[in-house]
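S.K.: Provide a 3D model corresponding to the input given below.
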Amino acid sequence: MAHILIVDDSPTDAYLVKNMLEGHGYQTSEASNGEEGVQKALETKPNLIIMDVVMPGLNGFQATRKITKAPETSMIPVVIVSSKNMESDRAWGLMQGAKEFLVKPVKQDELLATIKKLLG
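M.R.: Have a look, this model is predicted:
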């Protein structure tokens with residue numbers, strides 16, 4: 001089954017997403033900030049990354065840009081899942097290389113449908 005990296009500084013949000021995904025057979029790993037997310041993406045080469053935006057240090061937009069622009073990780077689809085709900089946030093996230101932008105609290109069916117669409 002596919003491996004999904006969850007990058008979120010909120011233990012509660014990460015736990016909820018992890019439970020959703022593992023309940024549907026996905027293998028998960030976690031990173032609690034943008035820097036750790038970029039590092040884990042390089043080390044583990046997950047099939048997909050769920051990325052929060054508002055995090056200390058390297059934010060989700062910056063981490064997404066690093067991951068999608070680096071030759072070693074550019075093929076990994078990034079889905080931003082954020083509480084930021086402005087159209088400008090969505091547009092900026094997609095400009096950084098994200099494939100999708102979902103709003104927290106993310107609905108399980110919406111998240112799973114997005115993952116299925118991106119992973120085929």
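
S.K.: could you use CA atoms for every contact and neighbour count after this?
M.R.: Noted.

S.K.: distance from stretch 52-68 to the middle of the chain?
M.R.: With C-alpha atoms, centre = their mean, to the nearest Å as the basis, stretch 52-68 stands 10 Å off its chain's centre.

S.K.: ends of it, what's the gap?
M.R.: 15 Å (C-alpha to C-alpha, to the nearest Å).

S.K.: what is the mean pLDDT for that stretch?
M.R.: Taken as a whole, stretch 52-68 has an average pLDDT of 97.

S.K.: mind listing the strands for the protein?
M.R.: In the chain, the strands defined using DSSP state E lie at 3-7, 27-31, 48-51, 78-82, 100-103.

S.K.: tabulate the ones you listed (a markdown table), appending distance to residue 40 and mean neighbour count.
M.R.: Converted to a markdown table, the strands of the chain look like this (distance: least, C-alpha to C-alpha, whole Å; neighbours: other C-alpha atoms under 10 Å):
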| stretch | distance to residue 40 | mean neighbour count |
| --- | --- | --- |
| strand 3-7 | 8 | 25 |
| strand 27-31 | 7 | 18 |
| strand 48-51 | 10 | 26 |
| strand 78-82 | 13 | 26 |
| strand 100-103 | 20 | 20 |
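
S.K.: what bridges to the residue positioned nearest the centre of the chain?
M.R.: A centroid search over the chain (C-alpha atoms, centre = their mean) returns residue 50, at 1.6 Å, as the residue closest to the centre. When bridges are called by DSSP bridges, residue 50 pairs up with residue 6, residue 79.

S.K.: next: residue 101.
M.R.: With DSSP bridges as the rule, residue 101 is bridged to residue 80.

S.K.: who's in contact with it?
M.R.: Residues counted as contacts of residue 101 (C-alpha atoms under 8 Å, 6 or more residues apart in numbering) are 79, 80, 81, 82, 90, 93, 94.
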